[in-house]
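Enquirer: attaching a predicted model along with its sequence, questions to come.
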Amino acid sequence: MDSKAMEAFVANEIPNQSPPHMSRPSVIVKLTLALLWFIVHLAISLFSLWSHLIYNTECYLISFGLIPKYGKFKLDRLKYLAVVVDSREAKNIAKIKQLLCWLSNIGVKYVCLYDIDGVLKKTFSPAMNGIREKNSGNCLDVGANIKALTCCHKDMTVEYISGSDGKEGIAKAASLLCKTYVNHNRGVCGDDEMVFTETDMSGALKAIGCGGPEPDLLLVYGPVRCHLGFPAWRLRYTEIMHMGPLSSMKYGAIVKAFYNFSKKYQNFAIRDHAS
């Protein structure tokens, strides 16, 4: 094959390419978009860093009592507190004990500690008595009633629950309701449907030990902003606040959360009062 035939063959095989000057606008557009993306990403990162710095500084100032308004909040509305901890961080017992000490020093009386895998339940199992503590004539179903830790000076009731108190609790309560219905209607003919009310389900949950008071405030320590499987039937009117990872827990952040909660207005309380 001579050189001319070779050149013709190559020309037929290689697709026609646009002249270099035709691709310059697309390159400029891509560079511009990349630059804009970099600027936006940098601005968001700087804003997040600045917000994090301000938040940490404020928490430290609160811890040392240098912001007077945070020292004047009331815990009248906080009857019951729940704390959700990621199971991987729940193994940090020193942090959990420190958290309980801080809560006791602030004046919290009832705390529910939750992790989905039951790490806290297993760790504190020697202190769990299954006692039902009565307060003001109301029976509170608690998994454990322990004295405040040695570093604290006030008594505090602590309940430990896990993921088994969630879906499994609902299944057991439903089974109990069905058995109760069958026993009460044994020998009665008819095709009446089983109708259960919210009160029936609440009573069944308490009967199997998965009931309990609804927390007024839920603090979440973990990487995600969700309740991590905390029993949903106990969160109807609960205020939920994300506190970040347990490893970076701060006393000032807890005080700030309580202060913000004391300033919130909840409409359901007005309806309940009116009824």
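Expert: All right, it came through fine. Numbers count the residues shown, from 1 in each chain.

Enquirer: for the stretch 151-275 of the chain, just list every one of the strands.
Expert: For the stretch 151-275 of the chain, the strands defined by DSSP state E, counting those that start in this stretch occupy 157-161, 217-221, 239-244.

Enquirer: what about those, which gets the closest to residue 86?
Expert: Minimum separation from residue 86 across these (CB to CB) falls at strand 217-221, 6.6 Å. Where you see a C-beta, it was placed from the backbone N, CA and C, and this is true even at glycine.

Enquirer: ok so, going back, wait, which of the strands of the stretch 151-275 of the chain is closest to residue 50?
Expert: Residue 50 lies closest to strand 239-244 among the strands of the stretch 151-275 of the chain, at 16.5 Å (CB to CB).

Enquirer: what is the closest one packed up against?
Expert: Counting contacts by 3 or more CB pairs under 8 Å, 6 or more residues apart in numbering; DSSP states H and E, strand 239-244 packs against strand 217-221, helix 251-262.

Enquirer: pull the CA atoms of it into PDB?
Expert: This file holds the C-alpha atoms of strand 239-244, laid out as PDB (Å, rounded to 0.1, in the frame of the first residue of the first chain):
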ATOM      1  CA  GLU A 239     -38.800  18.600  71.900                       C
ATOM      2  CA  ILE A 240     -35.700  17.100  70.100                       C
ATOM      3  CA  MET A 241     -32.300  18.700  70.100                       C
ATOM      4  CA  HIS A 242     -29.100  17.400  68.400                       C
ATOM      5  CA  MET A 243     -26.000  17.800  70.600                       C
ATOM      6  CA  GLY A 244     -23.300  16.400  68.300                       C
END
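
Enquirer: just the angle between it and strand 217-221, please?
Expert: Interaxial angle, strand 239-244 versus strand 217-221 (axes from the mean of the first three to the mean of the last three CA atoms, to 10 degrees): 20 degrees.

Enquirer: sorry, back to before: how about JSON lines for the strands of the stretch 151-275 of the chain, with mean pLDDT, mean neighbour count and distance to residue 106 added?
Expert: Below are the strands of the stretch 151-275 of the chain laid out as JSON lines (pLDDT from 0 to 100; neighbours: other CB atoms under 10 Å; distance: least, CB to CB, whole Å):
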{"stretch": "strand 157-161", "mean pLDDT": "88", "mean neighbour count": "24", "distance to residue 106": "15"}
{"stretch": "strand 217-221", "mean pLDDT": "94", "mean neighbour count": "23", "distance to residue 106": "12"}
{"stretch": "strand 239-244", "mean pLDDT": "92", "mean neighbour count": "17", "distance to residue 106": "14"}
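
Enquirer: noted, bye for now.
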